[in-house]
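**Q** generate a structure from the sequence data that follows.
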Amino acid sequence: MPYLEQGMEVGRIALEHKRMYRIFTAHGELLGEVSGKLRYEAAGREDYPAVGDWVVISPRPEEKRATIHAILPRRSKFSRKAAGSGVEEQIVAANVDTVFLVNALNNDYNLRRLERYLILAWESGANPVIVLSKADLCADLAARIAEVEAVAVGVPVHAISSELGQGLDALAPYLGGGQTVALLGSSGVGKSTLINRLAGKDLQQVKEVRAGDDRGRHTTTHRELFQLSGGGLMIDTPGMRELQLWEGDEGFRDAFDDVETLAASCRFHDCQHQKEPGCAIRLAIEDGRLERSRYDSYRKLQRELAHQARKEDAALRAAEKEKWKKIHKSLRHTKPKR
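**A** Okay, here's the model as predicted:
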């Protein structure tokens, strides 16, 4: 590797805050910032380091600082659309092996939100695992688990109570040495409490949920990578109640494999599932094999992804045009005089 020949090393991003980074390195934790070259070549937010990234650094251990020169290829990345009206990718976590999709079994329980998380989890390249927290507050646990399994076919589902220490042993296989798990879920679902339980010490501050609606206050305000005693690593993320999709072609098909399989059985390949004869979707809804609410969610998310793709295509064309304007301008300035 040319970087190693230049005396550089590799570290891993543990925390990002206003373009400053805490990096796990062979010298301990160092505070890092990107090099001028990396900043100049970055076309957007996705070209900057994210929590979980492996990066090439030139460390200055005596100063407890480092300069980040490059981001190594990402094995997986969990992305969402950045907040605002623009079209920009925000990488929530990188190089994750398993995504714990945490959904609380209180008044915040929401299957439709879980479907959104499943799309992006499958799209990320990591393996989704559903963690149903606060199981001690659920009156009919078996019914809830059955509902979740119906919309997440083939995805492991674990019901836990961090407060009572129940069900946590089932999560141990995902947290072995060198394994990285990202926690995703709304505020108040118990992500910080779960991290503290798994770590055996208080790494994260915990707040009570609001009285009346069981919705959580924001405790985690940034993404952070924690080292667990068993050798695994865990990324905590701020609660994301409104999760805007970034992209999800493959993830969408995986998350709605049951609906896609039914649609493939329709008599006409371009069936709109309205009044066409031989529509497998309508038949499945009528005989109870497919919930109307799940199909409505499928159509809604399908439209949202199509809209996002159109916006992204327009943004990419504009970015490409701007890039060539800069190249031509640079060539004019460097053209030799006669």
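**Q** where exactly do the strands run in the stretch 1-150 of the chain?
**A** 9-17, 20-25, 28-34, 54-60, 65-71, 77-81, 89-94, 98-104, 127-133 (DSSP state E, counting those that start in this stretch).
**Q** leaving out sequence neighbours, find the closest residue to the spatially most central residue of the chain.
**A** The residue lying closest to the centre of the chain (C-alpha atoms, centre = their mean) is F78, at 3.3 Å. Once flanking residues are discounted, F78 sits nearest to S124: 4.2 Å by C-beta to C-beta, 6 or more residues apart in numbering. C-beta: built from backbone N, CA, C; applies to glycine.
**Q** counting by contacts, list what the host helix or strand of R253 packs against.
**A** Under the criterion DSSP states H and E, the helix or strand holding R253 is helix 249-255. Packing contacts for helix 249-255, counted by 3 or more C-beta pairs under 8 Å, 6 or more residues apart in numbering; DSSP states H and E, involve helix 111-124, helix 292-334.
**Q** wait, isn't N106 in contact with K134?
**A** Yes: counting by C-beta atoms under 8 Å, N106 touches K134, with 5.4 Å between them.
**Q** more neighbours: those two, which one.
**A** K134 (25 against 19; other C-beta atoms under 10 Å).
**Q** with adjacent residues omitted, what lies nearest to that one?
**A** A104 (4.7 Å).
**Q** what bridges to the one you found?
**A** Note on A104: beta-bridge partners S133, judged by DSSP bridges.
**Q** start at 14 instead
**A** In the new count, where the first residue is 14, that last one comes out as A117.
**Q** number of nearby residues for it?
**A** When counting by other C-beta under 10 Å, one arrives at 25 neighbours for A117.
**Q** for it, give me its contacts.
**A** Listed by C-beta atoms under 8 Å, 6 or more residues apart in numbering, the contact set of A117 reads L145, S146, K147, L150, G198, S199, G201, V202, G203, D227.
**Q** tell me the contacts of the fifth one?
**A** If I follow you right, that is G198. Taking C-beta under 8 Å, 6+ apart, we find G198 in contact with F113, L114, V115, N116, A117, Y130, S146, K204, G252, M253.
**Q** and those as CSV, adding distance to G20 and pLDDT?
**A** Below are those laid out as CSV (distance: C-beta to C-beta, whole Å; pLDDT from 0 to 100):
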residue, distance to G20, pLDDT
F113, 38, 94
L114, 42, 93
V115, 42, 92
N116, 47, 91
A117, 49, 92
Y130, 42, 85
S146, 46, 93
K204, 39, 86
G252, 42, 55
M253, 40, 48
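**Q** filter the contacts of A117 down to the buried ones, PyMOL style.
**A** Burial among the contacts of A117 is assessed by 16 or more other C-beta atoms under 10 Å; the matching PyMOL selection reads:
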select buried, resi 145+146+147+198+199+201+202+203+227
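**Q** against L181, how distant is the residue nearest to the centre of the chain?
**A** Using C-beta to C-beta, to the nearest Å, F91 is found at 23 Å from L181.
**Q** again with L196
**A** 14 Å.
**Q** those two: which is more packed in?
**A** L196 (24 against 16).
**Q** verify the stated contact: R32 with L51.
**A** No: if you go by C-beta under 8 Å, R32 and L51 don't touch, sitting 11.0 Å apart.
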